[in-house]
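>>> Sequence and predicted structure, then a few things I'm wondering about:
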Amino acid sequence: MKLIKKISLLLMAAVLAVGFSAANITTATADKENEAEQTAPKADVLAEYGNAEYEEIDTSRFRRWNGVSEFTDGQNYYIYRELELRGEADMTLPKNSALLIKSGAKLIVYDESALTVKGKIIIEPGGQMIVSGKLVASPESEIECYGEFSATPKSTLELSCEFFIGNSGAAAFSGVVNVYKQGLFANGGTLTFTKNSIVKVTGKVIGGKSGVIFLKGDFSLTMNAAMESHGWLYVYHDTAIAGILTLGEGSELYTAYGSRLQYTKSGFLRDYRNGEPEIIEKTAEEYNNHPEMVQWIGIDVSRYQGAIDFERVKAAGVDFVLLRSSIGDGSDITTGEDIRFAVNMREAKKAGLMVGAYHYLLGEDVEDALAEARFFIKTISKYELDFPAVLDFEDPWQQDYLTNDERTAMALAFLREVENAGYYPMLYVNTNWAENYLDMSKLGKYELWLAEWHPKPSYNGRFGIWQYTAYGGVSGIDGDVDLDICTKNYRKLIVNGNYNHLNS
């Protein structure tokens, strides 16, 4: 088979990818369908949170606040420099007052301190607010962020307010966040719940058309809660949905690391991305597997493919290439960096291909796996990877002489080391290994690149890349080459999740 035009491979991929479909999607009851129709995303909601530019405020009647004096009800304040609440300071911004954090200014609420908001806080573009202590915002209060808001892992936020993030704004939460029944997050900028966050939403979260939301920590939507996304929603951690999740028309959903939206009995999804609402209840596996709907064709190569003309590979319709970077720990002449890795990386990038890297593991125990992971990280550290950093785990010796627990522990150690180094990790195994030689329940956090050379895969678990043949033919490569299909937009997940040091 010669890969001359991309259209031929895409047609083949469409047939082969039938195997990706999991259990049939179950639809909700007629009552839920009627409810969804009655509460469809309204144009005013999209407009309200789709264009949220900052309008400069006249501060002629504002008083400069020194960070020490008590606020007076009915008086508006501003700060123009860095101010700190330290010790056991406990400040309250009254109901009829506002505090403006001007561009270049910063308000820091330290560990033992607390700020209660009953009025309004406005953070200008270029302004900052950092909370390490406690922030309590009452139902009548508002927080508008057009600059930067951050809450550290030590923080506790109790929010019954409207927390609004404008187009130029960014808010990142790393501590405990409770969004109560009256609370509303309205995001037109960037809203991040980091991996150190513990978030419970009983109120509502809305992402506007220009908004980006990252769910990286422990995030749960309770039975009476609602979340709407009309922009981009990235899920990096299993997310519990006991309320209603709505995806507006034109919105984008990306799930990373094999993460899932886990629906309880009361939770369901309204999906308007294709126009008419589609109601999905509970754990819709097909939905979880295919949120991105890409259909990319790729190859994976090593020294054994010899010299490659990547310009011809790209012209043939290939979208991405996974390069073997290394094998073993580099301690002897049989291990080390793949002799063609550097030139393959340079030429593939030059041709405009998306590039990832994989390491072939030879180790016998966890200590070996960690040593090899560090060698892998050192080998790829000088390059920009668009695709995951992959553990290739398939050596026959490991299959024959190690136990399932030993193999699983090695894989976990390697993948965690790669993840801790800032890379987006992935595991490559064949179906036999996944089903018989590893405990995949312990590895479910990580993305899977599955090797199964059949017309469609028989593996029932989730995977983002499928190596469907080792006997492909591609213009620019002499001899056989592995062919792959990718259904997840890893480039976007990696860039927006700040992995692989692409944003550093």
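Looks like it came in fine.

>>> Low-confidence ranges, this protein, go.
Scanning the chain for pLDDT under 70 picks out 1-52, 276-293, 504.

>>> what ranges do the strands span in the stretch 251-400 of the chain?
Assigned by DSSP state E, counting those that start in this stretch, the stretch 251-400 of the chain shows strands spanning 252-255, 261-263, 268-271, 278-281, 296-301, 320-327, 336-337, 354-360, 389-392.

>>> Now those in a markdown table, please, with extra columns for mean neighbour count and distance to V313.
From N, CA and C alone the C-beta is placed, and that goes for glycine too. Compiled in a markdown table, those are given as follows (neighbours: other C-beta atoms under 10 Å; distance: least, C-beta to C-beta, whole Å):
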| stretch | mean neighbour count | distance to V313 |
| --- | --- | --- |
| strand 252-255 | 22 | 27 |
| strand 261-263 | 20 | 36 |
| strand 268-271 | 24 | 36 |
| strand 278-281 | 19 | 38 |
| strand 296-301 | 23 | 7 |
| strand 320-327 | 25 | 7 |
| strand 336-337 | 17 | 22 |
| strand 354-360 | 24 | 12 |
| strand 389-392 | 26 | 19 |
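
>>> Tabulate those strands in a markdown table, adding columns for distance to K488.
Listed next are the strands of the stretch 251-400 of the chain as a markdown table, based on distance: least, C-beta to C-beta, whole Å:
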| stretch | distance to K488 |
| --- | --- |
| strand 252-255 | 8 |
| strand 261-263 | 15 |
| strand 268-271 | 18 |
| strand 278-281 | 19 |
| strand 296-301 | 9 |
| strand 320-327 | 11 |
| strand 336-337 | 28 |
| strand 354-360 | 12 |
| strand 389-392 | 14 |
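
>>> Quote the end-to-end distance of stretch 119-131.
With C-alpha to C-alpha, to the nearest Å as the measure, the ends of stretch 119-131 fall 17 Å from one another.

>>> let me redo that: stretch 377-397
For stretch 377-397, the end-to-end distance is 24 Å (C-alpha to C-alpha).

>>> what do you get for stretch 96-111?
With C-alpha to C-alpha, one end of stretch 96-111 sits 27 Å from the other.

>>> same question, stretch 111-118
21 Å.

>>> Touching that stretch from outside, list them.
Residues from elsewhere that reach stretch 111-118 (C-beta atoms under 8 Å, 6 or more residues apart in numbering): 85-95, 109, 131-138, 140-141, 143, 154, 161.

>>> can you pull the buried residues of it?
113-118 (16 or more other C-beta atoms under 10 Å).

>>> Now A225: closest residue in space that isn't a chain neighbour?
Of all residues not flanking A225 in the chain, G243 sits nearest, at 3.8 Å (C-beta to C-beta, 6 or more residues apart in numbering).

>>> Number of residues surrounding the one you found?
23 (other C-beta atoms under 10 Å).

>>> Looks like it contacts F219 (just checking).
No: with contact defined as C-beta atoms under 8 Å, G243 does not count as touching F219 (11.9 Å).

>>> Identify the contacts common to these two.
The contact lists of G243 and F219 share V201, where a contact means C-beta under 8 Å, 6+ apart.

>>> Kindly reformat the buried residues of stretch 111-118 as TSV containing distance to Y78 and secondary structure.
Rendered in TSV, the data for the buried residues of stretch 111-118 read as follows (distance: C-beta to C-beta, whole Å; DSSP: H, G, I helix; E, B strand; the rest coil):
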residue	distance to Y78	secondary structure
S113	20	coil
A114	21	strand
L115	16	strand
T116	19	strand
V117	15	strand
K118	18	coil
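
>>> Now do the contacts for the closest residue to A351 other than its chain neighbours.
Nearest non-adjacent residue to A351, counting by C-beta to C-beta, 6+ apart: F310, 3.9 Å away. Shown in contact with F310 (C-beta under 8 Å, 6+ apart): 321, 344, 347-348, 350-351, 353, 476.

>>> just C486 next, same as before
C486 sits in contact with 294-298, 319-320, 464-466, where contact means C-beta under 8 Å, 6+ apart.

>>> do the same with P125
Taking C-beta under 8 Å, 6+ apart as the test, what P125 contacts is 54, 103, 146-147, 168-169.

>>> Check the secondary structure at it for me.
Of the three states, P125 takes coil according to DSSP: H, G, I helix; E, B strand; the rest coil.

>>> Could you measure from it over to M223?
37 Å (C-beta to C-beta, to the nearest Å).

>>> Mind listing the residues bridging to E142?
Beta bridges link E142 to K120, E162 when assigned by DSSP bridges.

>>> Likewise for Y77?
Going by DSSP bridges, Y77 forms beta bridges with R63, L99.

>>> Does it touch R63 like I think?
Yes: under the criterion of C-beta under 8 Å, Y77 makes contact with R63 at 5.3 Å.

>>> Mind checking which of these two has more residues around it?
Y77 (21 against 14).

>>> circling back to that earlier point, just the buried residues out of the contacts of F310, in ChimeraX syntax.
Buried members of those, defined by 16+ other C-beta under 10 Å, are picked up in ChimeraX with:
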select :321,344,347,348,351,353,476
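
>>> of all the contacts of F310, which comes closest to T72?
L353 (62.6 Å; C-beta to C-beta).

>>> Would you agree the closest one is in contact with V321?
Yes: counting by C-beta under 8 Å, L353 does reach V321; the two are 5.1 Å apart.

>>> Need the residues touching each of these two.
310, 313.

>>> Phi first, then psi, for E406.
Reported as degrees, to the nearest 10, the phi and psi values for E406 are phi -70, psi -40.

>>> which residues touch N496?
So N496 contacts 212, 214, 232, 234, 254 (C-beta under 8 Å, 6+ apart).

>>> will you turn the residues you listed into JSON lines that also has secondary structure and distance to S197?
Listed next are these as JSON lines, based on DSSP: H, G, I helix; E, B strand; the rest coil; distance: C-beta to C-beta, whole Å:
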{"residue": "V212", "secondary structure": "strand", "distance to S197": "16"}
{"residue": "F214", "secondary structure": "strand", "distance to S197": "10"}
{"residue": "W232", "secondary structure": "strand", "distance to S197": "18"}
{"residue": "Y234", "secondary structure": "strand", "distance to S197": "14"}
{"residue": "Y254", "secondary structure": "strand", "distance to S197": "18"}
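
>>> can you pull the contacts of the closest residue to I465 other than its chain neighbours?
Counting by C-beta to C-beta, 6+ apart, I465 lies nearest to W449, which is 4.1 Å off, once chain neighbours are set aside. Listed by C-beta under 8 Å, 6+ apart, the contact partners of W449 are 322, 388, 390, 426-428, 463-467, 484.

>>> go again using 7 Å as the cut-off
Residues near W449 by C-beta atoms under 7 Å, 6 or more residues apart in numbering: 390, 426-428, 463, 465, 467.

>>> Any idea what it is bridged to?
Y428, I465.

>>> Ok, L323 next?
Applying DSSP bridges, one finds that L323 bridges with V301, A357.

>>> Relative to I299, how far out is it?
Taking C-beta to C-beta, one finds L323 at 10 Å from I299.

>>> Please apply the same query to E419.
Distance from E419 to I299, by C-beta to C-beta: 25 Å.

>>> do E142 as well
In terms of C-beta to C-beta, E142 sits 53 Å off from I299.

>>> what do you get for Y78?
From Y78 to I299 the distance is 58 Å (C-beta to C-beta).

>>> before we move on, what about Y446?
For Y446, the distance to I299 - C-beta to C-beta - is 22 Å.

>>> All the helices of this protein, in order from the start?
Along the chain, the stretches classed as helices by DSSP state H are 6-16, 30-38, 43-50, 285-289, 310-315, 341-350, 366-380, 396-401, 404-420, 431-436, 490-496.
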